[in-house]
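Engineer: Need a 3D model of the following:
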Amino acid sequence: MKKINSKLRNTLAIAGVSLLVAGCASAPSVAELNALTDQIAKASFRDQGIVKASLLNTDETNRACSEADVMGKPLDEKTAKVIEQINMKAIKWPSDGKFLGDWKEGEKIAQNGRGLTFTDTASTVNGGNCYNCHKIDDKEISYGTIGPSLHNYGKIRGITDPNSASAKPIVEYTWGKIWNAKAYNACSNMPRAGHSGILTEAQVRHVVALLLDPKSPVNK
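Structural biologist: Predicted structure coming up:
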């Protein structure tokens, strides 16, 4: 086992003393425990390759959801609604007004889990890693089940022409859900693919096509 680096060792020592002192008077507050946890976590990581320790500086959405998870109870309805509204405003809609790309490219992206590790480079094209949580094609025999099946996603919603006016609400919802899932479910497990820079605008457009194009294997 590797030795704990000196910075982490010092942080753990300080944290232990702080908790001991706090325990003599009163139990530490949630805020104090969160601050100590942040110190320990940040002392444990370093920049390596394209992965930066600054990733630990999460936003209020992730902090609130993580805290709720630790406490073992969901966010209250009011807080969840505020978080969803914040994330809805953060959705970047297609700059050229085009929501759908090439479903064949979308399939490649959905079935690709590559990218965002310290061994990758800034020029590495990320995958969507969608297969890790969803069933996509009915011919698949291995897929994740954290998220719902996406098979027949467009067909179930009655999409025969994704470019029609009647399909617009579903098309926009699909784009928004991929771009920033927390706009629809405050503590969704789904990555905020567009918001977090996992996928580019063009890639999101292709994945939307995969889900909604009648010719896509999703809808066969």
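
Engineer: Every contact and neighbour count from this point should use C-alpha atoms.
Structural biologist: Noted.

Engineer: What is the burial count for the spatially closest residue to Leu199 that is not a sequence neighbour?
Structural biologist: Leaving aside its sequence neighbours, Leu199 sits nearest to Ala193 (Cα to Cα, 6 or more residues apart in numbering; 5.4 Å). As a burial measure, Ala193 scores 22 neighbours (other Cα atoms under 10 Å).

Engineer: Give me the pLDDT value at Ala193.
Structural biologist: Per-residue confidence (pLDDT) for Ala193: 97.

Engineer: same check, this time on the one 10 residues further on
Structural biologist: According to the prediction, Gln203 has pLDDT 98.

Engineer: Also the one 10 residues further on?
Structural biologist: On the pLDDT scale, Asp213 is placed at 98.

Engineer: And Arg9, by the same measure?
Structural biologist: Confidence score, pLDDT, at Arg9: 48.

Engineer: Identify each of the helices in the protein and give its residue range.
Structural biologist: 6-25, 30-44, 60-71, 77-89, 103-110, 153-156, 168-179, 201-212 (DSSP state H).

Engineer: State the distance from the residue nearest to Leu199 to Arg205.
Structural biologist: The spacing between Ala193 and Arg205, counted by Cα to Cα, to the nearest Å, is 12 Å.

Engineer: Lys215 too?
Structural biologist: For Lys215 relative to Arg205 (Cα to Cα), the value is 16 Å.

Engineer: between the two, which one's more packed in?
Structural biologist: Arg205 (24 against 14).

Engineer: Hmm, Gly97 and the more buried one touching each other?
Structural biologist: No - the pair Arg205 / Gly97 is not scored as a contact, 10.4 Å apart, by Cα atoms under 8 Å.

Engineer: Just want the most central residue of the chain.
Structural biologist: Centroid check for the chain by Cα atoms, centre = their mean gives Pro191 as the closest residue, at 1.4 Å.

Engineer: Return the residues in contact with the residue nearest to it when sequence neighbours are not counted.
Structural biologist: Nearest non-adjacent residue to Pro191, counting by Cα to Cα, 6+ apart: Ala181, 7.0 Å away. Neighbouring residues of Ala181 by Cα atoms under 8 Å, 6 or more residues apart in numbering: Ser188, Met190, Pro191, Arg192.

Engineer: Not counting sequence-adjacent ones, nearest residue to the first one?
Structural biologist: It refers to Ser188. In space, Ser188 is closest to Lys182, 5.7 Å off (Cα to Cα, 6+ apart).

Engineer: Count the neighbours of the one you found for me.
Structural biologist: Quick note: Lys182 (other Cα under 10 Å) scores 27 neighbours.

Engineer: Surely it and Ile86 touch.
Structural biologist: No - with contacts counted by Cα under 8 Å, Lys182 stays clear of Ile86, the gap being 9.1 Å.
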